Structure formats: C-alpha cells, structure tokens
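>>> Okay, here's the prediction I keep looking at, along with the sequence it came from:
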Amino acid sequence: MQTVLFEERRNTLAFWFGCVLVTTGVVLHLPMFLMARDSGYILAGMRMDAGMLTGMAAIVVGVGFAGYGLLPRSAGHAPLAPLLDVIVPLENAPLTPAHWRVAALLTLALVIDIMKPASLGFVTPGMRMEYRVSADTVAWLPFAALAGTVVGSCVWGVLADIYGRRASIVLSSVMFVGTSICGAMPSLWWNVGMCFMMGAAAGGMLPVAYALLAEIMPTRHRGWSLVLVGGIGALGGFFAASSLSALLQPVFGWRIMWFLNLPTGLILVALSPLLPESARFLQQTGRTGLARAVLARFGVTLTAAANAVAPPQPESHAPVPPVSHGFLGITTALTLAAMAWGLVNFGLLLWLPTALVAEGRSVGASSALIAKSTLIAAPTIVICAWLFSAWSTKWSLVAMTAVMVLGMLGLAVQELGAGGLSRPVIPLTLLILGSSGVISMLLPYAAENYPLRIRGRATGWVAACSKLGGLAAQTLSVVAGVPPFAAAILSIAVPAAGSTILIALFGRESRGRSLGELDARDAVRRAESPI
C-alpha cells in the first residue's frame, strides 16, 4: 500500500511540475511578442533570443514530465470480473449532478479543442501579409494541422486504451498550452511545425472524449448526450474562434489567436481533477478499488455481483450480426463514411465558392448563398440527437449519409446541366444538413460499437479518417490538382454511397444496448477465435 501511495504522489508531483515547466516555457516567449507592440506585433525576420530557445526546451521537457505523471505503468488487463456484472444494470440509472458535471466539462473541452483548428481560417490572412507568402505557401498551415489531427487521433486512441481516457485528454490540454508559442514564432515554417503539434493534440482529444462519455453515461441517456455534447462543442468552438478573432485581432493582430492556447489550455488543466476516469477501464486494468471510488462519485453503491439484476432490454431492436462477423464490416463502413465527410467538409464546401464565382456570382452573393443554406441546416444537431436516442442509431446514420449523397447528386446534376449551378439552395442545404448530421453521429456511433479494449483506438481511427479525407482534399489544393467541380462531386459521392450501403448491412443497433453486453460478446468471440 505504501508503495502504491508513493507512486501516486510521485506521479502527481511529476505532472504538476511538468505543467509549471510548460507554462514557464510559454511565458519566456512573451517578452519578444510584447517588444513588437509598436510595430503592430509583427515579428517576421526577428532572431530568436535566449529566452525563447530556453522556453522551447522547457516545453519539451515539461510535456515529458506531465506525460510521465499522467501515464503510469498499466496494472495489466484483469479479467472482466464481478465488478463489471454490477456496473451493467447501473447503466440504466437516472442522470445525477455528477453526470451533468462531466458532460459540461467535456463540452467545454470540445469547445476549446475545436476552437484551435477553427482559428486557422482567421489567422491565415494576417500570416500571408506578415510573411509575404502566396496562398499556395500558406496552404501548408491547414495541411500540417490536418496531418497532425490524423496522427493524433490514432496515437491518442492507442494511449487511451493502454493508459486511460482521462490521462489522454489531460495530456492534450498540456500540449495546448505549449503550442501557444506559435504566437511568437518569427518564421512561417516554425508555425507550420507548431500547427502539426496543435493538430495532434486537438485530434487526440476529440475521439477519446467520446469514448469516456460513452462509458460514463447511463445507457438510456448515452445516445442523445453524445450527439448533443459533440454538436455543442463543434458549434461552440467555431463561435468562440470567430468571436475572439473579431474582438482581439484588431488590437493584437493574428498572433493573439495562438496565445489564447495558454489560458484555455490552463483552464482545462486546472479543471482536470474534476474529470474522472472510466470505471470500466479502471476495472479492466486491475484497479478495482479506484473503479469503485469513481462509481461512488455518481452516487453508486456496489453490491455483490451475485445480486446483480440483468439490465432491461429495449422493446425492439434490429437483429445484431453474429459475433463471429467481428468488426471488419462496420469498420470499413465507418472508414468510408468518415473519409467521405472529410472530402465534403474540407473539399467540396471549400471549393464551392470558387465554382460559384466562376459562374458569374460575386464573392458576396456566393457567401450569402452558402450562409443561407447553413442557416436552414442549423437545427440538424437537435434533430440528430432526438433521432439517435429515440429512433435508431444505425438508421439515423444511414439516413444522414443518404441525405449527404442526395445533396451531392443534386449539385452534380445542376453542374452538368446547361444552366450550371442555377438553383443550388436545395441540394446545398441537403449537403450541409447531411454532412452536419454525419459528423454529429459518426464518433458517438463508433464509441458505442466497439468493446472496451479497443474503443479508444477504434474511435480514434474513425476520427483520423474524417481528417484523412480532408488531408487528401488539401493535398489537391496545395498541388493545384483540384478536378472540375462536377467530377469532384461524383468521385466523393461514390465512397459516401458505399458507406451508406455498408452501414445498412453491417451496422449494429446500439440504442439502449448495454456496453457490458458488447464487452461480453467480444469476450465470447475472442474465446471462440483466439487468433
């Protein structure tokens, strides 16, 4: 017992020491930033001083210490024994204030997480002016950020399955603090490198937050809470980025948007003691005592497993594919859906204004048209949350991917017609509505369809694929290889339609299903086919 307490104290001290080092490293960059206030905070061409170089070293070392404190050696994967049997019926318990606090904290984390990459669109004009580079050159910035999100989603997903969901989320917060030094970088390419790091932290937090929330929320509240938290996080992140840009950039220039990573990251670090670890993960890794303590935070008093009551089943369910089918079908379906969404969001919707302008519309008219379609599709999140929890998780996702495909086909038909994009409001609205619905459901659905042992990496893979589609689109932009708009639409519609069919064939209905039941099925499958 004394050895365990010593290790916990050592890890805690290492984590907070690392946070202090990272914060100190960022603060050492502020003098150079403040020195440039008379020139409008223009730092391009300035030499890095000793303080900045020392600060960068302190950030690297600090992240290492924080990671050591957060990622202690796993106790090993223990059998899913009596405690899991007791947790299962508790998944149908009512929401408690503790559930609401965790949901609110993860919503705030997602707002801050999504605000980071969303700021890219607001800083690139200022960066182009200060560094005097072309649009093709500055396109490396979003390219690096998207590449970082792909890597981060995969790496953090693995870390979450090995070391825990909470540890991965908090480590992302610490890295947010460190990447705020982008605001003092005198060279564009330093910013590109830091954007990769920021993308890795942002991409890592998103899927892990869904995995943690799925394992904490009671079954009957899991679907709508996952979709709603994700939707509010996405809207809040874009709103925060645009609002803070309008408020601060006129005074401090574009660099202030990066320095915002310092206070926002520290807020998440300061609130991290309120974020619990998943009781299921703790029990799987042999830390049964900690699992019981976490459940006690939600007002749960555990009884003997022998007294556990089987969880109530929903009134009706679509047939579940046999366990022997494994996860290949559903993984292929979600991979295609994620990549198609990334190509739509980071490709079609970014290329659309250019296509509209090429047909004779003004930039203002094109922007107004897209804004009108977006406004019509705005209530999608609430509708998706209701459909996901009240109707069907599987068929709601199928419906949204189908709507996205219909929107693409409608735009393609108009583009190939004699009049071009003459009346694009309806197909554009369908496209935006469908893509908004897909991304609001995709990660929650993934988190509900994989067992505990691989939930983090599977959800991370789906999240990575959504950015991988965007990375492919940005690659075409960087190399000036964007195809004609109609050809681009049809090439993206093919995998999107394929994902719709595959989800219908291999998707599992997760509404009302216990995560414990999924883990039990996985255990049986592994016992029958150990290879």
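Okay, I see it. Numbers count the residues shown, from 1 in each chain.
>>> so how many other residues sit close to the closest residue to residue 381 other than its chain neighbours?
Distance criterion Cβ to Cβ, 6 or more residues apart in numbering; nearest residue to residue 381, sequence neighbours excluded, is residue 231 at 3.4 Å. Quick note: C-beta positions are derived from backbone N, CA and C, even for glycine. The burial metric for residue 231, expressed as a neighbour count using other Cβ atoms under 10 Å, is 23.
>>> lowest confidence element among the helices and strands of the protein?
Here the helix or strand of the chain ranked lowest by mean pLDDT, DSSP states H and E is helix 82-90, holding a mean of 50.
>>> Is the nearest residue to residue 17 once chain neighbours are set aside in a helix, a strand, or coil?
With Cβ to Cβ, 6+ apart as the measure, residue 65 is the residue that lies nearest to residue 17, at 5.4 Å, once sequence neighbours are left out. Under the three-state scheme (DSSP: H, G, I helix; E, B strand; the rest coil), the conformation of residue 65 reads as helix.
>>> Residue 65 is in contact with residue 14, isn't it?
Yes: using Cβ atoms under 8 Å as the test, residue 65 is close enough to residue 14 to be in contact (5.0 Å).
>>> ok, then the element right after the least confident helix or strand of the chain?
Scanning forward in sequence from helix 82-90 by DSSP states H and E, the next helix or strand is helix 97-118.
>>> quick one: buried residues of the helix or strand following that next one?
Next in sequence after helix 97-118, counting helices and strands by DSSP H and E, comes helix 120-131. Burial within helix 120-131, assessed by neighbour count using 16 or more other Cβ atoms under 10 Å, is assigned to 120, 122-124, 126-128, 130-131.
>>> just the strands in this structure please.
Using DSSP state E, the chain contains no strands.
>>> Where does pLDDT dip in the stretch 101-250 of the chain?
Across the stretch 101-250 of the chain, the stretches falling below the confidence threshold (pLDDT under 70) are 121.
>>> now do 80
Across the stretch 101-250 of the chain, the stretches falling below the confidence threshold (pLDDT under 80) are 116-122, 124-125, 134-139, 142, 231, 234-236, 238-239, 242.
>>> show me where it has helices.
Per DSSP state H, counting those that start in this stretch, the stretch 101-250 of the chain has helices spanning 120-131, 135-138, 140-163, 165-178, 188-216, 219-252. These are given in chain order.
>>> Let's have these in a markdown table, adding distance to residue 458.
Formatted as a markdown table, the entries for the helices of the stretch 101-250 of the chain read as follows, by distance: least, Cβ to Cβ, whole Å:
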| stretch | distance to residue 458 |
| --- | --- |
| helix 120-131 | 27 |
| helix 135-138 | 35 |
| helix 140-163 | 7 |
| helix 165-178 | 13 |
| helix 188-216 | 9 |
| helix 219-252 | 15 |
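>>> Domain map for this protein?
93-297, 323-528 (automatic domain parsing).
>>> show me the contacts for the most centrally placed residue in the chain.
The C-alpha lying nearest the average C-alpha coordinate of the chain belongs to residue 206 (Cα atoms, centre = their mean; 2.5 Å). If a contact means Cβ atoms under 8 Å, 6 or more residues apart in numbering, then residue 206 has 110, 113-114, 153, 443, 463 as its contacts.
>>> quick one: it from residue 518, how far?
22 Å (Cβ to Cβ, to the nearest Å).
>>> ok so, going back, how near is the residue nearest to residue 381 to residue 461?
Using Cβ to Cβ, one obtains 22 Å as the distance from residue 231 to residue 461.
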